[in-house]
Structure formats: C-alpha cells, structure tokens
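**Q** Next come a sequence and a model predicted from it.
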Amino acid sequence: MYQSRLIDELSALSREQLKALQLSKLQRQISRLYESNVFYRERFDAAGVKPEQIRSLEDFSERVPTMGKPDCLADQNAHPPFGRRVGVPREDVMMINLTGGTSGQGQEAFGRTNADVAMQGHFHHLPWHLAGLRRGDAALNCVPAGGLTTGGWGPTEGFRVAGATAYAAGGVMSTDAKVDLMLRFGTFHFIYASTSYMHTLTEAFRRRGVNPKTAFPMLKSLFVAAEGYPVEWAQRTEDFWGAKLHEGYGSTQSAGFCGGTCEHGAIADGGRGNIHIFEWHNVVEVLDPTTGTPVAEGEEGEVVLTNLDIIGSPVVRFRTGDKVRYMGRGRCGCGRSWLAVEAGSIGRLDDMMKIRGNNMWPSAVDAVVFRHESVWEYAGRVFVTGSGKTGVELRIALKPDAGIPEGAERENFARKLKADLKSATNINMDVAFVDRSELPNYDYKSRRWKDERSDGFRSGAISE
C-alpha cells in the first residue's frame, strides 16, 4: 500500500517539482561526499568545485567532471579492496558487489552499507510495481540468485519488499525443471528473466506443447532486462504467454534498477515503449560519448549516472558505457514527467565491432534475425580467412516446426536473411544452418558473437 501511494505521489509531480526534489537530494549528496569521502573531495578540488557552487542541475553538469571504470579500478588498486570511494568505515560494509568484468578491464568493487542493501530491494521492487506485481502474487525468478553481483541479490530483496511469493529457480534448475515447477504449483502472476532466457523458456513451453494462456490464465507480467530485442519478438512473446512484456534498466553502479516501463509496457501501439527513469533516486544524463553534450530527443547517447541515495561506493557522473535512445520527458501516454529512454534497444558501446570499416552492434543483427519466428537461436563469429580477408558467419538453428525444409526453400530463406542483414549493417554475412544442440544455451545474458580475428592474425593471415 505504501509503495502504491509513493508511486502515485511521484507520478503526479510536475517537471519543476521533480527537478526541485532531485536538486535538493543532489546537493545533500555532494555535500556529504565532500565532507566524508576522500576520493570525491580530491576530484572536486582538482576540478575547482565546492558544494555551495552547485545551485542547479546545470551547474552540476557543467562543473563536475565525469568518471568511469578506469577511475574506479585505479582507486581500488591503489587502496584495496574497495578503494577510498567506498566512503564509509570498513565495519559499515555489509555487502560486496562486483561488476561482471565483461569489458575486459576488470571488476569494480562496491562496498554497500545496510541502508544500501535495503535500497537494492526498493530499486528492484519499483519497476516491478509499475509492471503490476502486487502483494501475494506468485513470481518466478529465472535470474541466477546469489553470487557477488547486484542482480544476484537485489531480486530476492525486491520480492520480499513486494510481499510476493517468490520461486527463486534461476541457476538451480534446468529449463524443463522450471516448466515442471510452474505446472506443479499452477498459479503464477509474474516472470522475471533476462531477454535471452525468456526466449529459452518460451521455446521450452512451445516444444512441450504447453499453452501458458491455458495453464496460467492469471499471469499478468513478463519482465525482462539486460538485453535488447526486436519488436516482432516482443509481440510474439506477449501473444504466446497472454501477458504484457515489461523491461527494466539498471546496473551494479545504480545498485539495482534505475528505470522501468509503465503500465503501457515495453511495446505500445506496435512500436517500442518507454523506460521511465526514477529521477528522484538518480541523476541520469544521456550524452554524446564523443562530445559530452546532451543528445536531442530521439538520438542515441551514453548514460552518465549519479546516485542520490547510495551511501557506500556511490558514483558521481559515471560514464556507464550503456547506449540508449533518449525519448524526452512527459511524452509517454502515462503522462509522467520522468525522463525516458527507449525500451528494447539498450546496448553496450563496447559491444560494437568494427567490420570492414563499418560499426556493427550485435543488437542490430538480433533485430533482423529474431524478426523471423522460425529462428530458434543463432551464434555469430568474425574471423580472418586463409586469404587474409575478414569473414562473418551466422550459424542459425531453425525451430522444428519452422516449415522450411532443406533445399530451395531454405536457400531462399538464407538469401532473404542475408539481404536483410546487409541492409541493416552494410556487411555481407554468410549463413549456415545447424542443429540447436550445436549452439550455446543462455541462462542469463547472451554472448552470441565471437571475434576471432586476433587468432587469424597470429596464424599469419593478412588483415583486411
């Protein structure tokens, strides 16, 4: 009940009221960090910034420098294990969170206080509440629990805050065992999974001939995170389950979700919906990664994040490396004045691969491949051929009931797919059909692409 009232009150705030609340909390955070956090005090002093100079959000963006992963790693390497930016006594650190280290630069360490752990639960519950999760609902959590990531611990706290009955099946049960679990208990209102795993779970139900609309008529929400997806895939998923698809955006740096879709969901009016940012908990800027200037509505940029309510290891103007499309404020049909980014298209700047002079994001290929309902899964690789040229190959598994037999029909399908990929990426790709067992399974985030060019260069092949 409290959460409902809170969301109602924040939803009713005008843009001016929301900015005033955000600025008040920002000024409090900056003053606290200047007084108690050596890492930030040195950064502010080096930039010639004093807390009393931050009189507006514009002052903050203009005066305070950005930071990034290298700053965090340098800090914790010089002052192990958490770095000086933890900003609290060692005995106040109640939980350790590490980033995934997928950028290849190393894992940032975040020391969280007891208050921060409570906020992690709150941050997870916020978007779930917007997505329709209520007290007493049964929720299947397909995300692996535990470990050292925020995503491993936050959901458990989030479901507890929600008062929901949680089935923490991620990481401990096979996909077929999860299907059996759902059929055994019968009542489920909410499913939380990565985008890749929602695809895996959907195909498992389809393979076993179970109609979730009949088995779970009470199901309200499918909630995904961590990866983008094509609109066509989202529409098919909603139709198959008979439930609305929602999406959250978050990270270890934000200590959980910092945004989520509203009641309109991730797909609205046949197109992509909006992920609304919880601006009273974070300052989120969407900036051109090269110039550092704000992008215009409808343009893509990098998320720069500042925590307003995190005490241990907070980030201030942190360059996340996350690529989003900025959708402005107050333009969603829900009427909320919160900043929004486009649902379904969030990616990583460092996922981009340079291929034959073209910038290629895996999400662009996903959008083409999974537009076709007949595709079960795929994996891509970039490599150096024996003649020293760059090759790109997609290995694709078709669904058993795809109705595309070997021969002319499959050749026509491959030809159309290659043309669509060329149109979307300006890159010629070879397509090979394989059995599903030859491709990986994804329990959380997918890693569908391998760049094998360094192996080819080491073997003596000539670069393109």
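**A** Happy to help now that I have it.
**Q** And the helices in the protein, which stretches?
**A** 2-11, 15-36, 38-46, 57-63, 69-78, 114-130, 150-162, 175-185, 195-207, 212-215, 231-241, 362-369, 408-425, 453-458 (DSSP state H).
**Q** Mean neighbour count and distance to residue 349 added to those helices, as JSON lines?
**A** For glycine as for every other residue, the C-beta is placed from the backbone atoms N, C-alpha and C. Compiled in JSON lines, the helices of the chain are given as follows (neighbours: other CB atoms under 10 Å; distance: least, CB to CB, whole Å):
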{"stretch": "helix 2-11", "mean neighbour count": "13", "distance to residue 349": "30"}
{"stretch": "helix 15-36", "mean neighbour count": "16", "distance to residue 349": "25"}
{"stretch": "helix 38-46", "mean neighbour count": "17", "distance to residue 349": "23"}
{"stretch": "helix 57-63", "mean neighbour count": "15", "distance to residue 349": "20"}
{"stretch": "helix 69-78", "mean neighbour count": "17", "distance to residue 349": "12"}
{"stretch": "helix 114-130", "mean neighbour count": "22", "distance to residue 349": "23"}
{"stretch": "helix 150-162", "mean neighbour count": "22", "distance to residue 349": "20"}
{"stretch": "helix 175-185", "mean neighbour count": "15", "distance to residue 349": "31"}
{"stretch": "helix 195-207", "mean neighbour count": "20", "distance to residue 349": "18"}
{"stretch": "helix 212-215", "mean neighbour count": "14", "distance to residue 349": "36"}
{"stretch": "helix 231-241", "mean neighbour count": "18", "distance to residue 349": "22"}
{"stretch": "helix 362-369", "mean neighbour count": "20", "distance to residue 349": "12"}
{"stretch": "helix 408-425", "mean neighbour count": "14", "distance to residue 349": "17"}
{"stretch": "helix 453-458", "mean neighbour count": "14", "distance to residue 349": "19"}
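**Q** Please identify which of those helices is closest to residue 91.
**A** Taking CB to CB, helix 114-130 is the member of those nearest to residue 91, at 11.1 Å.
**Q** how close does residue 182 sit to residue 342?
**A** Residue 182 is 31 Å from residue 342, where distance means CB to CB, to the nearest Å.
**Q** for residue 318, same thing?
**A** From residue 318 to residue 342 the distance is 21 Å (CB to CB).
**Q** And residue 220, by the same measure?
**A** For residue 220, the distance to residue 342 equals 23 Å [CB to CB].
**Q** and if you look at residue 193?
**A** Noted for residue 193: a distance of 20 Å to residue 342, by CB to CB.
**Q** With neighbour numbers in mind, choose between the two.
**A** residue 193 (25 against 20; other CB atoms under 10 Å).
**Q** The nearest residue to that one once chain neighbours are set aside: how many residues sit nearby?
**A** With CB to CB, 6 or more residues apart in numbering as the criterion, residue 193 has its nearest non-adjacent residue at 3.8 Å, and that residue is residue 142. As a burial measure, residue 142 scores 25 neighbours (other CB under 10 Å).
**Q** Next: residue 378.
**A** By other CB under 10 Å, 22 other residues sit near residue 378.
**Q** Model confidence at it, what's the number?
**A** pLDDT for residue 378: 92.
**Q** what pairs with it across the strands?
**A** Applying DSSP bridges to residue 378 gives these bridge partners: residue 396.
**Q** Residue 369 is in contact with that one, correct?
**A** Yes. Contact criterion CB atoms under 8 Å: residue 378 and residue 369 qualify, at 5.3 Å.
**Q** Common neighbours of the two, please.
**A** 394, 396 (CB atoms under 8 Å, 6 or more residues apart in numbering).
**Q** Could you check the biggest strand by length in the chain and say which residues are buried?
**A** The longest strand of the chain (DSSP state E) is strand 318-329. Residues 318, 319, 320, 321, 322, 323, 324, 325, 326, 327, 329 are the ones in strand 318-329 that count as buried (16 or more other CB atoms under 10 Å).
**Q** now swap in stretch 80-89 and tell me
**A** Buried-residue list, stretch 80-89, by 16+ other CB under 10 Å: 82, 83, 85, 86, 87, 88.
**Q** got the contact list for the last one?
**A** This means residue 88. Neighbouring residues of residue 88 by CB under 8 Å, 6+ apart: 36, 111, 113, 311, 312.
**Q** mind running it again at 6 Å?
**A** By CB atoms under 6 Å, 6 or more residues apart in numbering, the contact list for residue 88 reads 113, 312.
**Q** And it, how close does it get to residue 38?
**A** Applying CB to CB, the value for residue 88 to residue 38 is 12 Å.
**Q** One more: the fifth one?
**A** Distance of residue 87 to residue 38, computed by CB to CB: 8 Å.
**Q** Pull the number of nearby residues for the closest residue in space to residue 382 that isn't next to it in sequence.
**A** Excluding its sequence neighbours, the residue lying closest to residue 382 (CB to CB, 6+ apart) is residue 451, at 4.9 Å. As a burial measure, residue 451 scores 13 neighbours (other CB under 10 Å).
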